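Participant: sequence first, predicted model second:
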Amino acid sequence: MTNKLFAKFFEILNKYWKTIIILVGLILIFSIFKLFTIPFNNNVELMLPQNEEFSKSLNFLRESNFSDKIILSLSLNTDDKTVDDLLDTAEQLKNSLKSPLIENVESGVEENNILEDIKDFLEYVPQIITEDELLEIDKEINVKNVKSKLKEGYNKMLSINSMFVSDFIQNDPLNIKTQYLQKLKALVDSIGYRVQFKNGHFVSMDEKHVMLILNTPVFVTDSTESRKLVTYIKQQILLLPNYIDVDIIGGHLHTLSNEDIIKKDITKTVIAMTLILLPLLIFVLKSFRAFLVFIVPVMAIVIAMNLTSYMIGTLSSFVVGLAAVIAGITVDYGIHIYLAMKAGGISKVKEITKPILVGVFTTMGVFASFFFSSINGYKQFAVLTNLSIIISIFLYLVLLPKLFYKKSEKLNIKKLNNKTKIRIKGDRAIALLWVVVIGVFIFFSKGLGFNNNIRDYDGSSDEIFSAEERFHKTWGTENEFAMFVSSGNELEKVLKINENANKLMEESFGEESFANIAGIYPSIETRRKNLFRWASYWKNHNEEKLKTLLQEQGAVFGYSKEAFKPFFETLYTSYVEEEENNKDPKLIASLKQRFLQNTGSGYYAITYFADKKILVDKAREISEKVQNTFIISRNNMANSISVSVYKEVKKLAWIAGCLIVFLAITLLRNIRLTILALLPVITSIFMILGSFSLLGFSINAPAIIATLVVVGLCIDYGVFIVYDCMNDLGAGTLSAVTLSAVTTIAGGGVLLLATHPVLFYVGITMAIGIFSGYIVAAFVIPSCYRLWIVQ
Amino acid sequence: MFSFVMNGICLDNNSDLINNLKLIEDKMSDINTLATQFIQEKNLALFNQKIEITGFLYLQKPSSFAWHINTPLEQRIILKSNNVVQWDEDTNQVQKINLSSNPTFNIVMDQMKRWISGAYLSLVDEYIVEFKKSEFMELKFFPKDGTMAYKLIKNINIVFQEDEKYIESITINERNGDSTSFIFFETQINIVLDPIVWEVNPRDK
């Protein structure tokens, strides 16, 4: 039945082959031109799992201004220059950074108005004094305390900086309002940088570094725009005097560095592969036309990309890159057809078409498992890879037989087979050896751990990590912060949620500190209540009481009668601004940038705390109680992504495994043959796991994905060899398997030279997996076949 | 043409001023250590009467500075590079302040260091400077609009001793009407300072 179908297929091909080739040619030309119009997406998010927590985190990072910052740390590389030279250069650089890719440059804070800003804040303080705090203030209005405070004020006036304090003593003789500056300072300190201000600039404590913070609309995962941005910044830095060094810090650099390193690694791989394939073409296949065998996967991926883009829309560059590499495995089918053609012409091709199709379907089964993924990029990957395989096999079956049919040169397949197909008499010994080896590797694979730390896949250059280390040392940003985020559409609602969260965190966090703006910027409703309480308190004879006390006790130290007039004049002047007026005291306004984010469509109020598991867990408990809140923790997010990716990949591995077994049984229709065909797959999996354990590596997501590819290839080897044993095809099967294994191992082996950790793991997995799969296919399957099937 | 000529005059005046300030700076740059007594008079709106403070001032270049007040209340303020140690007899507590984390104190100390060490050229960006020489050499500093000092200070007057080796007095007139004057006397230059002047020792009460 199947043979009849193949005969019919080849009959049609034979009849219409010219039309088909012209049609394929036209489609290919059209696809090449269309290739330039395909929209590509360089966003890595497409390759990340889509769970609710992760989506929230990503949305938050996108909408808030946290990830879209690049920090420049300028330093002097000579002792001949001073911090003033450094400040001048920082100012020069700040003024030169004019690009649509940079929204603004923060260089520090304006110090000139600091006293007025503090006075503004003190006038605002009654809005944030709570009921309990007012009770405490009431306790302090007594003879003893008033006397003590006035003495303190007098002493301060003797000090060298009396010029700065006299206003504050007049405005706040009992330190009622001024103590709230400490709350403000605590929030400023929570920013995490060890920084001082000099001439309004961020200057390091050693006065040798100056910091500029660049706000950019470019999101960290957008590699195209990130490249433009970083290139622009580097150009401007080049214009600076040569006594200045600049470290650039930002997520954008990681995106670019990873992309650059992967590109370099791929170039290395392509060159090495070419150097390996050319001698193969010349000395083994002895034909340059065999080049067509290797070009077909390229043609297939071009056409497949167009079709996928038509079906899905925007394509992920990562998916295209990965799929292009994996589509290259279809070259194995080309080698089989080519060698069969050489061995016995079209009749041999017809004979091996069935095992090829079994191999194609099982391999497609592996990649089809990616359809079941929740990661959009993986789904794209499944479409693109399967389309590439289908197109490749179609092109091989159409092109190769016709192009090589008339050629008289014949490859001495028998000779090649004799070289590679070694007849081994000791089948039992081979089977036993396999059992022992696989047993040993199963034993070693037992202790293998799984590394799900996604940060280990960051292959950024050492230069970037060194710059970050210098930055952390200079600016004291070693501690990582997690964030508790309250969100909503209206500011007032968000502030209320934030107040509630602040209260719960005070109860739950105990000694552990956290920074929440609710203490100095509660909701409008709360501020109005506070203000009303404050005014009522003073109007209830307390104003008169304090006036009398100040006059009586002040006289002892020589304070004038009018000394504290400013305090009483500003007792009732504070008023709550409406939300839209946005006339908060400047000191609060500058802090709001960090603690409150207006996204345009809503607001976020952010609480910062140390990114420690115990605190993240406590914060999560609160978040579960308070609606519209969530946690952003870098450690937690990395773990969450890692765990999701691990679960995803594990799920796919199970689906792929089941699909392979199901397809193999269905297509081979024999349990024993299926088991034989699966021997290379089983072997390669345990060899990979055991070798990783012996080498001291942990298994990880890239290795699991590479194992899936290995599985797809090894099942092909198994199927071909089983068919060869069954039918004694004489179509150069072992030669073809050997050749494809050699090319794949070479490809994987080259990746061992890769700098990027992901490519390295892919390389080592491929090399171990394919090598062991091939050895089992070539030597163990024939022995087992003879022992188990023939006997 | 007129503006061109005026620019020339201002430039000349300005360059004269710079030269004079440079001369003062050069003279005062010879001072490596300094010990002087002072009387400080404060006329403050906060108090009915003026406050008189007496004490000693010590300076050791490049960045050490000690302010010892004897009356009406004993106080010590010692500055070494970026750190300030402060003590007073009333609290008998030693307070350590890092200037980096205390911007207002940093500004005060920075300004004081400049006034008493004679680093006047560095003040030209922030102040309009008038130079007068009659019986005594005199410098008047008017803060420029937009500077922090402008919000607080009306002017600062520095009068030099007859031999022009050091400052005779500094008067600071504040915008709110308060004023402070320092009169320095028994000034000793480039003497070996007793290490004890850089120490703060709390007493047993």
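Facilitator: Noted; the coordinates are in hand. Being a predicted model, the structure only gives us computed values, none of them experimental.
Participant: chain neighbours aside, what residue packs nearest to residue 34?
Facilitator: Using chain A. A:Asn306 (5.1 Å; C-beta to C-beta, 6 or more residues apart in numbering or on different chains). Just so you know, the C-beta spots here come from the backbone N, C-alpha and C atoms, and that holds for glycine as well.
Participant: looking at chain B here, not the other one
Facilitator: Per C-beta to C-beta, 6+ apart, closest to B:Leu34 is B:Leu59, 4.1 Å.
Participant: I'd say that neighbour and B:Ile116 touch.
Facilitator: Yes. Between B:Leu59 and B:Ile116 there is a contact under C-beta atoms under 8 Å: 6.3 Å.
Participant: where exactly do the strands run in chain B?
Facilitator: Here chain B has its strands, by DSSP state E, at B:33-43, B:51-60, B:64-71, B:75-80, B:83-88, B:94-98, B:127-133, B:137-143, B:153-160, B:167-174, B:179-189.
Participant: show me the contact partners of the third one.
Facilitator: Meaning strand B:64-71. With C-beta atoms under 8 Å, 6 or more residues apart in numbering or on different chains as the test, strand B:64-71 has contacts from A:158, A:160, B:52-59, B:75-81, B:109, B:112-113, B:116, B:197-198.
Participant: buried among those? Make that a PyMOL selection.
Facilitator: Buried members of the contacts of strand B:64-71, defined by 16 or more other C-beta atoms under 10 Å in any protein chain shown, are picked up in PyMOL with:
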select buried, (chain A and resi 158+160) or (chain B and resi 53+55+57+58+59+75+76+77+78+79+109+112+113+116+197+198)
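Participant: secondary structure class of A:Leu571, three-state.
Facilitator: With DSSP: H, G, I helix; E, B strand; the rest coil as the basis, the three-state label of A:Leu571 is coil.
Participant: what's the burial count for the nearest residue to it once chain neighbours are set aside?
Facilitator: Distances taken as C-beta to C-beta, 6+ apart place A:Trp538 nearest to A:Leu571, at 5.3 Å, with adjacent residues excluded. Applying other C-beta atoms under 10 Å in any protein chain shown, we find 16 residues neighbouring A:Trp538.
Participant: what's A:Trp538 sitting at in phi/psi?
Facilitator: phi -70, psi -30 (degrees, to the nearest 10).
Participant: right, and it touches A:Thr573 too?
Facilitator: No. Applying C-beta under 8 Å, one finds A:Trp538 not in contact with A:Thr573, separated by 12.0 Å.
Participant: okay, and the beta partners of the residue in chain A that chain B sits nearest to?
Facilitator: Residue of chain A nearest chain B, by C-beta to the nearest C-beta: A:Gln196 (3.4 Å). Beta-bridge partners for A:Gln196, by DSSP bridges, are A:Val203.
Participant: next, work out how far apart it and A:Leu93 are.
Facilitator: Distance of A:Gln196 to A:Leu93, computed by C-beta to C-beta, to the nearest Å: 20 Å.
Participant: gap between the nearest residue in space to A:Ser560 that is not next to it in sequence and A:Glu463?
Facilitator: Nearest non-adjacent residue to A:Ser560, counting by C-beta to C-beta, 6+ apart: B:Asn48, 4.9 Å away. In this view, B:Asn48 and A:Glu463 are 67 Å apart by C-beta to C-beta.
Participant: host element of the closest residue to A:Tyr603 other than its chain neighbours?
Facilitator: Spatial nearest neighbour of A:Tyr603, excluding adjacent residues (C-beta to C-beta, 6+ apart): A:Val494 at 4.3 Å. When elements are defined using DSSP states H and E, A:Val494 is found to belong to helix A:491-509.
Participant: which strands and helices sit next to that helix?
Facilitator: strand A:481-488, helix A:524-537, strand A:596-598, strand A:603-610, helix A:613-625 (3 or more C-beta pairs under 8 Å, 6 or more residues apart in numbering or on different chains; DSSP states H and E).
Participant: now do the helix or strand just after that helix: everything it contacts.
Facilitator: Sequence-wise, the next helix or strand downstream of helix A:491-509 (DSSP H and E) is strand A:514-515. Applying C-beta under 8 Å, 6+ apart, the contact partners of strand A:514-515 are A:186-187, A:190, A:484, A:505, A:595, A:607-609, A:615.
Participant: what ranges do the helices span in the stretch 251-400 of chain A?
Facilitator: A:251-279, A:291-312, A:317-327, A:331-368, A:376-405 (DSSP state H, counting those that start in this stretch).
Participant: A:Gly690 and A:Gly439 touch, don't they?
Facilitator: No. Using C-beta under 8 Å as the test, A:Gly690 is too far from A:Gly439 to be in contact (9.9 Å).
Participant: next one: stretch A:604-614 to chain centre, how far?
Facilitator: 21 Å (C-alpha atoms, centre = their mean, to the nearest Å).
Participant: next: stretch A:591-599.
Facilitator: On C-alpha atoms, centre = their mean, the centre of stretch A:591-599 falls 25 Å from that of its chain.
Participant: convert the C-alpha atoms of that stretch to CSV, please.
Facilitator: Written as CSV, here are the backbone C-alpha positions of stretch A:591-599 (Å, rounded to 0.1, in the frame of the first residue of the first chain):
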residue,chain,number,x,y,z
LEU,A,591,11.0,61.6,46.2
LYS,A,592,7.7,60.9,44.4
GLN,A,593,9.6,60.2,41.2
ARG,A,594,11.0,57.1,43.0
PHE,A,595,8.0,56.0,45.1
LEU,A,596,5.1,56.9,42.8
GLN,A,597,4.9,56.2,39.1
ASN,A,598,2.4,57.7,36.8
THR,A,599,2.2,55.4,33.8
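Participant: could you check whether that stretch is close to chain B?
Facilitator: No. Applying C-beta under 8 Å from any C-beta of the partner chain, one finds stretch A:591-599 separated from chain B by no less than 15.7 Å.
Participant: who's in contact with that stretch?
Facilitator: A:63-65, A:184, A:187-188, A:191, A:491, A:494, A:515-517, A:520-521, A:584, A:603-607.
Participant: one more: stretch A:491-502?
Facilitator: By C-beta under 8 Å, 6+ apart, stretch A:491-502 touches A:484, A:486-488, A:516-519, A:521-526, A:579, A:596, A:598, A:602-605, A:607, A:622, A:626-629.
Participant: what average pLDDT does that stretch get?
Facilitator: What stretch A:491-502 shows for mean pLDDT is 93.
Participant: ok, stretch B:94-104 next?
Facilitator: 76.
Participant: gap between the two ends of that stretch?
Facilitator: 19 Å (C-alpha to C-alpha, to the nearest Å).
Participant: okay then, goodbye and thanks.
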